[in-house]
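Colleague: Quick one: sequence plus predicted model below, questions after.
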Amino acid sequence: MKVGLTDGKRVVALMAALLVFSCGNPGSTGIVPMDKTPVDEPVILPKLSVKDFGAKGDGIARDTEAIQSAIDHASDIGGGMVFLPEGTYLCGSIWLKDHVELHLSEGAVIKGSPDIKDYCTADCCPQNEAEIGWGDYISGGHLLLGVGVQNVTLSGSGKIDGNSDAFLLDAYGKPYKEKSQIPSRPSQMVWFVDSRDITIKDVELAYSPYWSCFILNCENVSISGCYVHTQRSEYHTFNGDGIDIDRSRNVTIKNCRIETADDCLTLRASSAHLLAKPMDCSDITVSACFLSSDCNAVRVGVGEGFIHDAVFSDINISNSNVAFNIVSAYVKDSRGTDIARIQFRDIRLQAKEFLRIHHMYSKSAQIYDITFDGVEGVAPDCSHIWAKTAAPFSNILLRKVFVPGEFECVNATVLVDGGQMMKKKLSQDELKRISEAIEKETQLLY
């Protein structure tokens, strides 16, 4: 369509006017230059106090329903922060929801209810499991759980307290000697499964009666500035792990202090039959952490998947049994998990034993490309790198490991590049005896 002369003049005049205004005083015209885009106004999410939803915070009343109502409301309106003022909030299971930040102010404590009936049951979702009456003797209940959620944050300088005394001490206040004696106890205290974009920062995770924090089949997870601890002096928390990362990817853990009765940090690739879309456990970064454990400071392995591409750097380990335990299968008749491309750099340690790399019950899992670079400290007991004949370990590198001691090496290719850790000289009889014990699984490392 042709533009008439009058219309053309109007167009030219309008363009000229715009040019004059834009060249004069852009700040006063409100006209945005052609190469610029308006800056979106920051979205201010609502901040909701659990007290406004009826929470008492007196350590006596059950505040589960009030906190859950606040979380549900925040999620329903598109997201926001739900905060707990100072106080002790006695709770059963709390379900975390999309786009909600649960913030514990200084002096705020979420404390696990002593009544197992206040927790979710094993059938609360398809991904959940329990071992009632056997195994680890856990109910399937969780204090905080996120199932299939996204963009969820736990933050603040407050505490999440699993109240292990209520489950691990008998009626006379004495600790149970065996976990099989425990009438009932919840499962992992903080549990995320099939979720993404999860942040846990600055909170204290204390006294879980089982594992403290379990990240299962999740993606894009950040855990930072947390203090995680289970009972190890007043009594021993059975399976009292710190942070367990299982079949998850793009996970960062930094600036955390973890002191536990069982493993401080684990990378796992457990059975996948319950998960939505099972992933490898991969692309994990752990840095600037302090670890102390009655068991393993770091354990990598267990399951039937693939753990690969992880870096641990600037790690301090003290008062621990085993600093690093890389194991394929803890369960009989398990195929085991493959483990590859794991790096440990700039490590300082004080432990009984520096390193274990072993198949245990697996007969065919592949373990390769494991590097220790820049390690110093004390670990007087002999380390072990034990593989089975059918699946020898390859490319194990000990570079600048200044930990005076020896390691037994069976069916593994290990390069020692500087340092003080040396391969133990075994006689033919000793090597034969150890090899047969490994193959027959009559001598096991845990």
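Modeller: Looks like it came in fine.
Colleague: Excluding chain neighbours, what is closest to residue 51?
Modeller: residue 85 (6.1 Å; CB to CB, 6 or more residues apart in numbering). Yep, even glycine has a C-beta here, placed from its N, CA and C like the rest.
Colleague: Identify the residues contacting the one you found.
Modeller: By CB atoms under 8 Å, 6 or more residues apart in numbering, the residues touching residue 85 are 49, 50, 51, 57, 105, 108.
Colleague: do residue 277 as well
Modeller: 194, 217.
Colleague: what ranges do the helices span in the protein?
Modeller: 5-24, 26-29, 64-76, 165-168, 428-440 (DSSP state H).
Colleague: most neighbours, which of the contacts of residue 85?
Modeller: Counting neighbours by other CB atoms under 10 Å, residue 50 comes out on top of those with 25 neighbours.
Colleague: That one contacts residue 70, doesn't it?
Modeller: Yes - look at residue 50 against residue 70 with CB atoms under 8 Å: they come within range, at 4.9 Å.
Colleague: Find residues that contact each of the two.
Modeller: residue 82.
Colleague: Buried residues, stretch 68-75. List them.
Modeller: For stretch 68-75, burial by neighbour count (16 or more other CB atoms under 10 Å) applies to 68, 69, 70, 71, 73, 74, 75.
Colleague: for this protein, what are the low-confidence residue spans?
Modeller: 1-43 (pLDDT under 70).
Colleague: what sits opposite the residue nearest to residue 268 when sequence neighbours are not counted in the beta ladder?
Modeller: Excluding its sequence neighbours, the residue lying closest to residue 268 (CB to CB, 6+ apart) is residue 246, at 4.0 Å. Following DSSP bridges, residue 246 is listed with bridge partners residue 216, residue 268.
Colleague: Pull the number of nearby residues for residue 246.
Modeller: By other CB under 10 Å, neighbour count at residue 246 equals 24.
Colleague: ok, now residue 140?
Modeller: Counted with other CB under 10 Å, the neighbours of residue 140 add up to 20.
Colleague: can you check the one 5 residues further on too?
Modeller: As a burial measure, the neighbour count of residue 145 was computed by other CB under 10 Å and equals 26.
Colleague: Quick one: residues contacting it.
Modeller: With contacts taken as CB under 8 Å, 6+ apart, residue 145 has the following neighbours: 93, 94, 95, 96, 120, 190, 191, 192, 193.
Colleague: and the gap between it and residue 119?
Modeller: With distances taken as CB to CB, to the nearest Å, residue 145 is found 10 Å from residue 119.
Colleague: what touches both of the two?
Modeller: residue 93.
Colleague: okay if I get the buried residues of stretch 68-75 as CSV plus distance to residue 238?
Modeller: Converted to CSV, the buried residues of stretch 68-75 look like this (distance: CB to CB, whole Å):
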residue, distance to residue 238
68, 29
69, 34
70, 34
71, 31
73, 38
74, 36
75, 35
